[in-house]
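[1] give me coordinates for this.
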Amino acid sequence: MEQVVEKGICFRLGSERYVHPISTVKEVLSYQSPAPVPGAREGVEGMIDVRGNMVTVLYGTHLLNLDPAECEEEGHIIVLDLPTGYFGIRVEAVERVMDLPENNDTHGLEYRDHDCIQGTIQHDNELYILVEFNDYCSGLD
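    Numbering: from 1, shown residues only. Next up is the predicted model:
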């Protein structure tokens, strides 16, 4: 039996399920339309105010190189609390919190070369793609 080192938040985009370590997740919000930011880089949807904190909202489909047409209405924002600020990741649905095993299978994702993807986790006969958006978000100006 693998030792659990932390928990992850499970979310869905299109037909795939993802899990992100919960250590930097501040909260999960129902989707609210962000105010556009003129001149923002591609993938930035806009900004929202969450209890006096400005949160930059990013499209989850853009971060994971997914076709937005393959996803239903994106209904939640996962807010990350990072040293560089607050970032929201717009996802289709947040499903649950699960334990992350110490060792994750990192094979089988060669078709999607992306810095945010860390590997895969098999849990309850479901495949979850382990992602970590912290470095990407911290690199935004």
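[2] tell me the contacts of residue 66?
    13, 14, 16, 60 (Cβ atoms under 8 Å, 6 or more residues apart in numbering). To be clear about C-beta, it is placed using only N, CA and C from the backbone, and glycine gets the same treatment.
[3] before we move on, what about residue 55?
    47, 48, 49, 77, 79, 86, 87, 88.
[4] just the closest of the contacts of residue 66 to residue 40, please.
    residue 60 (16.0 Å; Cβ to Cβ).
[5] that closest one against residue 12, yeah?
    No. Residue 60 lies out of contact with residue 12 (Cβ atoms under 8 Å); the separation is 9.7 Å.
[6] residues shared between the contacts of the two?
    With Cβ under 8 Å, 6+ apart as the test, residue 60 and residue 12 both reach 91, 92.
[7] neighbour count: those two, which is higher?
    With neighbours defined as other Cβ atoms under 10 Å, residue 60 and residue 12 compare such that residue 60 has more, 29 against 20.
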